[in-house]
Each structure stands twice: as C-alpha cells, then as structure tokens.
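Trainee: no sequence on this one, just coordinates:
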C-alpha cells in the first residue's frame, strides 16, 4: 500500500471519527499562549468542545471534583514553571528562589497526600455501602421468595423483576452500542495514523539518520591524519573527533525520539484494539435468551438453597458464592475489563507527556553543547595558590569566630543556652548510671551496691580477722587481756 493511499485512509478515518464523536464531546477550558500587538506573550483561556475522556471511578463528590481537572487543556499556568523560569543574579534573589522551590514542593506534596487519602477513604466508603446494599437486597429477595408460596405472588415477583431488568438491559445495550461505534472509529483512526507515521516519518527518517552517522564516521576517518610528532595535527584530529561525536550524539537522539514515538503509538494502538473488542455490545435479539438462561440458573440454585434450610454446608457454599465467587467473576467480565483498559489509556497518555518533557530537556542540553567544543577552555588557576588562599581564609574565619565567642554578649548568650542543656544531660546521665548499676550489680552508684547475705557474712569475717591481726601485737606488748 502506497503512502498516498494511506493518507487517503487517514482522511476517511478522521471524517468518520468526527461524525461519530460529535455527540460524545464536552465543554473544556483550553489555555493558549498568544502574542499581542506589542509582541508580548500572554496566556488566554478559551471554552471549547473537546473529546470526552474516561478517567476511572467517577462516583462520589470528591472523585467528581478531582476528575474536573481533565477538562483543562493546553498551556495551563503553573507556579512550578514560573519559579523555574526565574533567573535572579543577586544573592538574595537566589536565596528567595530556593526558598520558593522548597515551599512549592512541600505544598504540592502535602496537597497530593491529602487528595490521595480523601479519594481512598471515599472509595472504601462507596465499596462498603455497595456491599451492605447488596446484602440487604439479597436478604429481602430471599425473604419474599420464601413467603411467596402461591403462584400469584411468585408471578408478580417474576414479572416485576423481568420488566426492570429488560428496561435496564435495553438502556445499557444502546449506551454500549454508541460507545462501541466511537471506540471502533477511534481504533481505525489510530491504525491509519500509525501506518502513515511509519511510512512517512519513522522509516525514512531512521534510515536517513543511520546513513548520516555512517557518512560522518567515514568523513572523520578520511580526514584523520596520523602524525604524533606534530601538535597542530593532533589538535585538528581532536577537534574533528569532537565534531563527529557531537553530530553522532544529535543523530542518535533523533533516533531515540523516533523510537519513543513509535513505542507509545504501538502501545496505544494495542490497547485501543482491546478496548474495541471489549466494547462490543452484541446482538439485542439474543439478550432475552441469555437473560432467561441466567434467571433459570439463579432460580434453580435459590430453590436448592431454600429446600434444605437446616443444611449448614449448603448455606456456607451459598455465602461463599455471593461473597467470593460472584465478585471475582464480576472483575473479569467485559465492563470491568473495558474500565481497566480505559484507565490504562489515560496512564499511557500521562507517561507519553512525561517522556516528551524529558526528551525536550535532553534536546535543550544537546543544543547548548552544539558549539561548546569550539570555545576555548579557560585556564585554571594554580592549585597551590588556591589551596594556600583557602587555608588562610579558613584560619582567619576560625580566629574571628573564636574572638566573637569571647565577647561579653556572645558569652552570655551561649551561657543561657548551655546551662539548661547541661542540666538535662547531667540528669539523663545520672538516671542511666543508676539503671545500669542496678542491672549489672555494680557498686558505682552512690558508693553502695545491692549485696547478698553471703557477701555480708564473708565481709564481716574478713574485717574481723584483719582487726585481730592488728590488735594482737598491741595487747601482747601492753600485757593486756585478749581484746578481740
């Protein structure tokens, strides 16, 4: 298929998508950066009709308020971007910019944490209310079916439930049919865009980039002159190598951009194919047949449960079926799969925008380094002088600090701060010393220790023998009677 035919298919797919999505659009605020008559740029807001997007759970007031941010498009004013664009030259301005960055980050972090907590709390509350409502509904159904013993009450119950399910099913089918047309048109549009992108941009630009890298390498090798004795030749070889490496980096970055675009387009196309498949509503004629089969199966199971009300095993199986099996089966059904895939589509768009911002920053860095290798390098100052200067500055600063410490006002200030800190540390050390001495049976605390009865008796014997040895020669010289 030629490029002209692919472009024609793209125009047809775009026309079909515009026709189908006409009723599925919503009002949005689009911010645009425009230039006025004086040449200054200003951001203006416009109310437009844009494509309606699905963004996960939309139940609850907090979720609705949070999802309202997806109605804002374009160049949205940002405090973070305004702070990053500041370029102060004075020291006070730089300090103010750093403080503003820290404050902005803290406010964003705290706000995001609070929003996530509120969303999680509301989700838990909604899920709990759904479980309670389902349990109450099942109990009321069981009670009414048990009490409805005659055919009249059973017929009324069956007809009423069938009528409600028929109305709900028809409405859901028509809504799903409309969604299927939209998703199918979107899939065809993305398929045509991907084919045109591959034929018009990806393959030609990638092959041209590879050819440019090969030609630049061949040119560098052809101009390279091997003459180690000539310093000018070495300098020219070095300059040519730097130019070749810079051009190679730029061409490799261009390949990276093309491959990143192709990767995200391929992921989005694959996800859109799954969405188109799961959005199929089926035939409305076959709905009564499937509905009757489900009702007969549910009625047979409920009759089996009501037949033997004293059987605990059957009631346990019925409880497990309602609380475990049915929610698990509900998660793998088409509506739930469709909801997960639509959430994945939004996540892919967010990750693509983040990747583009990252690539733009890399491109700016490459552009800044484009002619940097041509500039002369500044001569570095001698290391010895710089070291001597830094050492002398450090000594002078330390001397000034010591001198300031010994000033009268500074000493008073430090004394008022140090006295309560020293008292707290002494009390803390005393408490630790008491507990450690008691735990290790040490005699360090207050000159005492926790002695046992055996230790006391042995100490008494030792001091008695010591005093006897001291007093015995004195009593013998003085001819005294035994004193001890």
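Mentor: Good, I have the coordinates. For clarity, every value in this text was computed on a predicted model and none was experimentally measured.
Trainee: tell me which residue lies nearest the centroid of this structure.
Mentor: For the chain, the residue lying nearest the average C-alpha position, counting by CA atoms, centre = their mean, turns out to be residue 112 (10.6 Å).
Trainee: that one sits in which helix or strand?
Mentor: With elements taken from DSSP states H and E, the one containing residue 112 is helix 91-147.
Trainee: hey, where'd the helices end up in the chain?
Mentor: For the chain, applying DSSP state H gives helices covering 3-20, 61-67, 79-85, 91-147, 151-197, 203-223, 231-278, 287-307, 312-320, 326-331, 334-368, 383-405, 408-440, 453-477.
Trainee: check the ones you listed for me: which has the lowest mean pLDDT.
Mentor: When the helices of the chain are compared on average pLDDT, helix 383-405 comes out lowest at a mean of 62.
Trainee: and the helix holding residue 112, what does it pack onto?
Mentor: helix 61-67, helix 79-85, helix 151-197, helix 287-307 (3 or more CB pairs under 8 Å, 6 or more residues apart in numbering; DSSP states H and E). In this view, the C-beta of every residue, glycine as well, is placed from N, C-alpha and C.
Trainee: closest one to residue 231 among those?
Mentor: Residue 231 lies closest to helix 79-85 among the helices and strands packed on helix 91-147, at 44.2 Å (CB to CB).
Trainee: list the buried residues in the closest one.
Mentor: Taking 16 or more other CB atoms under 10 Å as the neighbour-count basis, helix 79-85 is seen to contain the buried residues residue 83.
Trainee: what does stretch 269-277 give?
Mentor: Along stretch 269-277, the positions that meet the burial threshold by neighbour count (16+ other CB under 10 Å) are 271, 272, 274, 275, 276, 277.
Trainee: cool, stretch 319-329 as well?
Mentor: For stretch 319-329, using 16+ other CB under 10 Å, no residue counts as buried.
Trainee: quick one: it to chain centroid distance?
Mentor: Stretch 319-329 has its C-alpha centroid displaced from the chain centroid by 32 Å (CA atoms, centre = their mean, to the nearest Å).
Trainee: cool, and stretch 157-170?
Mentor: Average the C-alpha atoms of stretch 157-170, do the same for its chain, and the two points are 44 Å apart (CA atoms, centre = their mean).
Trainee: next: stretch 92-106.
Mentor: Distance of stretch 92-106 from its chain centroid, counting by CA atoms, centre = their mean, is 24 Å.
Trainee: ok, which of the helices of the chain comes nearest residue 45?
Mentor: In this view, those are compared for proximity to residue 45 by CB to CB, and helix 79-85 is the closest at 16.6 Å.
Trainee: just checking, what packs against that closest one?
Mentor: Contacting helix 79-85 under the criterion 3+ CB pairs under 8 Å, 6+ apart are the following elements: helix 91-147.
Trainee: tell me what angle the helix it packs on forms with helix 287-307.
Mentor: Between the axes of helix 91-147 and helix 287-307, defined by axes from the mean of the first three to the mean of the last three CA atoms, to 10 degrees, the angle is 70 degrees.
Trainee: one step back: could you dump the helices and strands packed on helix 91-147 to TSV with distance to residue 348?
Mentor: Written out in TSV, the entries for those read as follows (distance: least, CB to CB, whole Å):
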stretch	distance to residue 348
helix 61-67	18
helix 79-85	23
helix 151-197	12
helix 287-307	33
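Trainee: find the residue closest to residue 244 in space, skipping its chain neighbours.
Mentor: Ranked by CB to CB, 6 or more residues apart in numbering and with sequence neighbours excluded, the top spatial neighbour of residue 244 is residue 220, at 4.1 Å.
Trainee: what of residue 176?
Mentor: In space, residue 176 is closest to residue 281, 4.0 Å off (CB to CB, 6+ apart).
Trainee: closest one to residue 142 among the helices and strands packed on helix 91-147?
Mentor: Among the helices and strands packed on helix 91-147, helix 287-307 sits nearest to residue 142 (CB to CB), with 7.5 Å.
Trainee: what does that closest one contact?
Mentor: Outside of helix 287-307, the residues that reach it under the criterion CB atoms under 8 Å, 6 or more residues apart in numbering are 142, 145, 146, 162, 165, 166, 169, 170, 173, 314, 315, 318.
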